[in-house]
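K.L.:
Fold the following and give me the result.
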Amino acid sequence: MAADSMEIDDSLYSRQRYVLGDRAMHQMAQSSVFLSGMGGLGIEIALCFVAVQAVTLHDTKQCETWDLGCNFFIRKEDVLSQRRRVEVVCPRVAELNPYVHVDISSSALDDNTDLSFLRKYQCVILTEARLNLQKRVNDFCHSQQPPIRFIGCDAYGICVRVFCDFGDEFEVSDPTGEEPKEIFIQNITQDNPGVVTCMDNQPHGLQTGQSVIFREVGGMVELNGTTQQVSVLSPHSFAIRDTSLLQPYAHGGFFVLVKTPKTYRFETLEQQLCDPQVLIPDFSKPEAPLQIHAAMLALETFQEQHSRLPNVGCLQDADVLLKLTEEVNATLKNKAPVNTELVHCLSRTARGTLPPLAAAVGGVASQEVLKAITGKFAPLQQWLYLDAVEVVRPLQALATEEFFPRGDRYDGLRACIGESMCLELHKLRVFMVGCGAIGCEMLKNFALLGVGLAKSSGEVCITDPDLIEKSNLNRQFLFRPHHIQKPKSTTAAEATCEINPDLQVEAHLNKVCPATENIYNDSFYSSLNLVVTALDNVEARRYVDSRCVSNQRPLLDSGTMGTKGHTEIIVPNLTESYNSHRDPPEEEIPFCTLKSFPSVIEHTIQWARDKFENAFVHKPSLYNSFWQTHSSAEVVLQRMQTGESLEGSFQVIKLLSRRPSRWEQCITVARLKFEKYFKRKALQLLHSFPLDTRLKDGSLFWQSPKRPPTPIEFDLKDSLHFTFIVSTARLFAGIYNISYTEKDLSEEMVARILATVKIPQYSPSEKVSRSTDESAKKPDQMKMPVSSEEEREAIVQLEEAIATDRGLQMSPLQFEKDDDSNGHMDFVTSASALRATMYSIEPADRLKTKRIAGKIIPAIATATAAVAGLVALELIKVVGGYEFESFKNCFFNLAIPVIVLTEPAIVKRTLIRNNIYFSIWDCWTIFGHEDFTLSEFMNAVREKYGIEPTMVVHGVKMLYVPVMPGHSKRLKLTMQKLIKPSVDRRYVDLTVSFAPEADGDEDLPGPPVRYYFSPGAGTP
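P.N.:
Alright, predicted model coming up:
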């Protein structure tokens, strides 16, 4: 983004624009930031800087071997040549975004430094700075007019903190970032106060004190355009002002939340030390933030007294720190009991670093930087503390020597988790599905943790079929502009090995789905220690989860949407799986709403998207498929003349007979489409349902949410009309392989062609369906009955097409939202906006249309870094074989900000009977042979597991159900004959039901029974 012209490079920033909005993006483009400390935490914050005008990186230290384990931009050669850290990272940070000016400072920043140089910055972030310096810099920033926003971040071993001070009064334009929705109204009472009820019990999502604006209210028209403060009565109703003197409510209308700015007040670091205002991320230990606050203040005192951090494993230092913590705690106003275990863990690990913890808190801190310079989203007030006690708690009994430095890149990590755990990470064999934003962040964590080293026979296998696009560069930090159109997986693998050359990374370009089970088979899964998903869709997650459950492998899942993120840890025999819970399915827009009764902009955008899919993808594909089946038009004609019915022939012949052959004809088709979509459709609908139409109960047909359409008269001078004509013509030219020039797209040339187009006289049809049934599905054109008249007409059309030698090949398009030159978004945006205008709906701009039509998930690097860091922490616990209580799932929304850490869902054990239980992780096994019968299978289950099978099902095929005719004869048949497995199939998973305890009860469920076709088939 160029700050002077204020143009936003949508090809780079589109996903981020959906999170922040253009106003915030423009503010960022005029902001300068100062970031001090280029250690692990500082570089994580720098990684998430996006689209600011300028950033100054400050650091005074030289590169050391230690840095290789926490700073992913420092290389071994930088250490050997004793370069300054800031000089090394500056060009590598700068190449992340060509629009951001990055400079460096290596001057001393201490108690004697003149701080006046900071006045040119809007935000100052300090890491690796002692508390006294943080207080001094914070006081200076707070005293400026306007205040310089200050953020202090610290990471000591298992404990991290973020502190924010944005001044005495910090105004936030949009505390949540949520897009207000139009909520339709069922009723408004004529009362004091008036009570508003939402249509269909839709939740309004409001809070008392917020304000809404009313639109299109029938009857009580005085409310339209007014802003009213609400008092919430229920999730579906709220009270407003006195409406008793207004006209009675008649029908319709909707309201929208009015976003109002909110002012936040901050105290300085000095003021907050004794009475800290903290965020509580883990309600299972609500006192932890205050306990860490006291311990980290004591750690500051320890450093002042000893000019060092506590030594690794030194019990004397731990006792000194504990005593100091008790003394500090006694001085605090807001405090909790001292946590001895926490203090001892902090003492032992303070010299170390946990890269995933730095990544997680770096993402949070970066989001606070964006809030500081944009005034978008609610800021952190004022402290965030996180700890990883659960990671190190089981390691306390290890010998002290485990944690001593060995002079390599893992010394910082080793100080926290010990040598044995480091070695386990090195040996790890991981499969990661997806190499997008989360995938890149996970690979960075793998590199810093030393996951999957070649020398230890470890490996990280990654797969992703996608190629790199420019929009990826904004948040997928392993990729650079010269990587565009290269495979994500192989590029990410190379970049990861630059961070840590000892890693063994194997990159694939495959999807993980049933079609690739020959590659990712049971033998493949059995070779793994764990699986990580970095996916952007639920269906793929469910499939990978099912494979992990089937093969008893841990799964680490995460995802983001804008500033929101989640992590889910799935461990065999301890937790439920991803498939154990299901979100409600996405609500589909009813067909009749899309076709005739849109009420919100999402309806018109989906309509335009469907028109694109039908005209430029589905029909051309159907056309090509038909002519691949039928070799020539002459043969089809002969068969139709004999009365033979060919599936799809009528739709194909219609396309053939109307096929344009010149650019001028494409313009003509586009103009006729305009007439059909935006004028005749409205005229026909108003003919079928006049404005005064009433329903059986006497109420008006045309009332909210139904909006009556207004026909649109074509006007070439209207840019929206012109865009629709040109983009539609271009798309038709594309599918029919018709060439055109730049001159053909000019207004002059288009006007000349349009002047010759004859628009047929319109007369309304009486045959049009008057259906308003919301459950009605879109009819399948292929299966609709055809009249004899239509058959005769099709034969005539085919004869004419043969005579004029029309082509039998079309070129289906594939919707591509990110290529502005192809006309796809021009068509969808203009078509949607015209339809919205026709129905008096506020049109959406191109950016919003692109998000909805392209089903784009808003994304920002801050949330991605946070989820990947949290997942990588859990990875250490999985590798260590920790108990259930150690694991944490997380949900966060960095916009608010809210962070919630919870225990995973414990695995449910279902009682079959007689103390026989099973869970999702159980799979009973029976080994058979070639002549093994169904009867023998059922006997084997009874003998091995002590319960009588009553029914056996394979997939959707019922192998044995006693009440089914003829099934008793199947008992003598072999399993091989009943199942008919493929040659390479070693086993099948069968669903088996068991006999109830009492007659008349339902059969009892059980775990899947894995039947192996031969005795030796159980080994990979």
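K.L.:
Asn71 is in contact with Gly39, correct?
P.N.:
Yes: with contact defined as Cβ atoms under 8 Å, Gly39 counts as touching Asn71 (6.5 Å). Placement of C-beta: from N, CA and C, glycine included.
K.L.:
okay, the two: which has more neighbours?
P.N.:
Higher neighbour count among Gly39 and Asn71: Asn71, with 28 against 21, using other Cβ atoms under 10 Å.
K.L.:
coming back round to it: which neighbours do Gly39 and Asn71 have in common?
P.N.:
Residues touching both Gly39 and Asn71 (Cβ atoms under 8 Å, 6 or more residues apart in numbering) are Arg85.
K.L.:
Nearest residue to Val369 in space, please, no chain neighbours.
P.N.:
Distances taken as Cβ to Cβ, 6 or more residues apart in numbering place Cys123 nearest to Val369, at 5.6 Å, with adjacent residues excluded.
K.L.:
list the contacts for that neighbour?
P.N.:
Cys123 makes contact with Ser31, Val33, Phe34, Ile148, Arg149, Phe150, Ile151, Val369, Ala372, Ile373, according to Cβ under 8 Å, 6+ apart.
K.L.:
Beyond the one helix or strand the third one maps to, next helix or strand please.
P.N.:
Spelled out, it's Phe34. According to DSSP states H and E, Phe34 maps onto strand 32-36. Toward the C-terminus, strand 32-36 is succeeded by helix 40-47 as the next helix or strand (DSSP H and E).
K.L.:
Quick one: work out the angle between that following helix and strand 32-36.
P.N.:
Going by axes from the mean of the first three to the mean of the last three Cα atoms, to 10 degrees, helix 40-47 is angled at 160 degrees with respect to strand 32-36.
K.L.:
Do I have it right that Gln16 meets Arg475?
P.N.:
Yes: the criterion here is Cβ under 8 Å, and Gln16 meets it with Arg475 at 7.2 Å.
K.L.:
Can you tell me the strand partners of the strand holding Phe34 and which way each runs?
P.N.:
Sheet pairing for strand 32-36, assigned by DSSP bridges, gives strand 54-58 (parallel), strand 123-127 (parallel).
K.L.:
so how far is the next helix or strand after the last one off the chain centroid?
P.N.:
In other words, strand 123-127. Later in the chain than strand 123-127, the nearest helix or strand by DSSP H and E is helix 131-143. Helix 131-143 sits 38 Å away from the centroid of its parent chain (Cα atoms, centre = their mean, to the nearest Å).
K.L.:
Just name the most buried of the strands paired with strand 32-36.
P.N.:
Among the strands paired with strand 32-36, ranked by average contacts under mean count of other Cβ atoms under 10 Å, first place goes to strand 123-127 (a mean of 25).
K.L.:
What mean pLDDT does that one get?
P.N.:
Across strand 123-127, the average pLDDT comes to 98.
K.L.:
Repeat that for stretch 47-59.
P.N.:
Averaged across stretch 47-59, the pLDDT comes to 87.
K.L.:
Quick check: end-to-end length of that stretch?
P.N.:
16 Å (Cα to Cα, to the nearest Å).
K.L.:
related to what we said a few turns ago, dump the contacts of Cys123 to a markdown table, plus neighbour count.
P.N.:
Formatted as a markdown table, these follow (neighbours: other Cβ atoms under 10 Å):
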| residue | neighbour count |
| --- | --- |
| Ser31 | 22 |
| Val33 | 26 |
| Phe34 | 23 |
| Ile148 | 25 |
| Arg149 | 26 |
| Phe150 | 26 |
| Ile151 | 28 |
| Val369 | 27 |
| Ala372 | 26 |
| Ile373 | 22 |
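K.L.:
Could you measure from Lys595 over to Thr533?
P.N.:
38 Å (Cβ to Cβ, to the nearest Å).
K.L.:
Where does pLDDT dip in the stretch 551-700 of the chain?
P.N.:
Low-confidence segments of the stretch 551-700 of the chain (pLDDT under 70): 583-587.
K.L.:
Which parts of it are strands?
P.N.:
Using DSSP state E, counting those that start in this stretch, the strands found in the stretch 551-700 of the chain span residues 555-561, 564-570.
K.L.:
hey, what's the residue nearest to Val369 bridged with?
P.N.:
Cys123 has these beta-bridge partners by DSSP bridges: Val33, Arg149.
K.L.:
could the strands of the stretch 551-700 of the chain be laid out in TSV, adding mean neighbour count and distance to Arg241?
P.N.:
Output for the strands of the stretch 551-700 of the chain, formatted as TSV (neighbours: other Cβ atoms under 10 Å; distance: least, Cβ to Cβ, whole Å):
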stretch	mean neighbour count	distance to Arg241
strand 555-561	24	36
strand 564-570	24	35
